[in-house]
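Engineer: Give me coordinates for this.
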Amino acid sequence: MRQAGLSATAYGLTVAVNGVTIVLVQPVTVSWLTRRDHSRVIAVGQLLVGLGFGLTQFASGVPSTWSPWWCGPWVRSPPSP
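Structural biologist: Predicted structure coming up:
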């Protein structure tokens, strides 16, 4: 992140938001997704991961496209065997 011109504060904020998001959003999301069609849930999760990585080429800041590929593994993991 230093190479991208972001400060240590920006890095700390990014890591903090990630942790808070995991603690608050993931349990709700996982419990809701376990009641959905497993094939579609996995497909949507993979789509989110691909979207996040694809959008990275257009990003002007480091954290701007992290959400899709942070959420993709949450979405696809509940129904996975």
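
Engineer: So Leu6: helix, strand or coil?
Structural biologist: Each residue gets one of three states, and Leu6 gets coil by DSSP: H, G, I helix; E, B strand; the rest coil.

Engineer: Show me what counts as buried in stretch 38-55.
Structural biologist: Counting neighbours by 16 or more other C-beta atoms under 10 Å, one finds that the buried residues in stretch 38-55 are Val41, Ile42, Val44, Gly45, Leu48, Val49, Leu51, Gly52. Heads up, the C-betas are built off the backbone N, CA and C, glycines and all.

Engineer: Which helix or strand contains the fourth one?
Structural biologist: Mapping Gly45 onto the secondary structure by DSSP states H and E places it in helix 38-55.

Engineer: thought Gly52 was touching Gly72?
Structural biologist: Yes: using C-beta atoms under 8 Å, Gly52 is in contact with Gly72, at 6.4 Å.

Engineer: what is in contact with these two at once?
Structural biologist: When C-beta atoms under 8 Å, 6 or more residues apart in numbering defines a contact, no residue borders Gly52 and Gly72 alike.

Engineer: returning to that earlier point: so how far is the helix holding Gly45 off the chain centroid?
Structural biologist: Here helix 38-55 is found 10 Å from its chain centre; the criterion is C-alpha atoms, centre = their mean, to the nearest Å.

Engineer: what packs against it?
Structural biologist: The elements that helix 38-55 packs onto, with contact taken as 3 or more C-beta pairs under 8 Å, 6 or more residues apart in numbering; DSSP states H and E, are helix 66-76.

Engineer: circling back: output the buried residues of stretch 38-55 as JSON lines; include the columns distance to Leu6 and pLDDT.
Structural biologist: Putting the buried residues of stretch 38-55 into JSON lines (distance: C-beta to C-beta, whole Å; pLDDT from 0 to 100) gives the following:
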{"residue": "Val41", "distance to Leu6": "34", "pLDDT": "87"}
{"residue": "Ile42", "distance to Leu6": "33", "pLDDT": "86"}
{"residue": "Val44", "distance to Leu6": "30", "pLDDT": "87"}
{"residue": "Gly45", "distance to Leu6": "28", "pLDDT": "84"}
{"residue": "Leu48", "distance to Leu6": "24", "pLDDT": "85"}
{"residue": "Val49", "distance to Leu6": "23", "pLDDT": "84"}
{"residue": "Leu51", "distance to Leu6": "23", "pLDDT": "85"}
{"residue": "Gly52", "distance to Leu6": "18", "pLDDT": "80"}
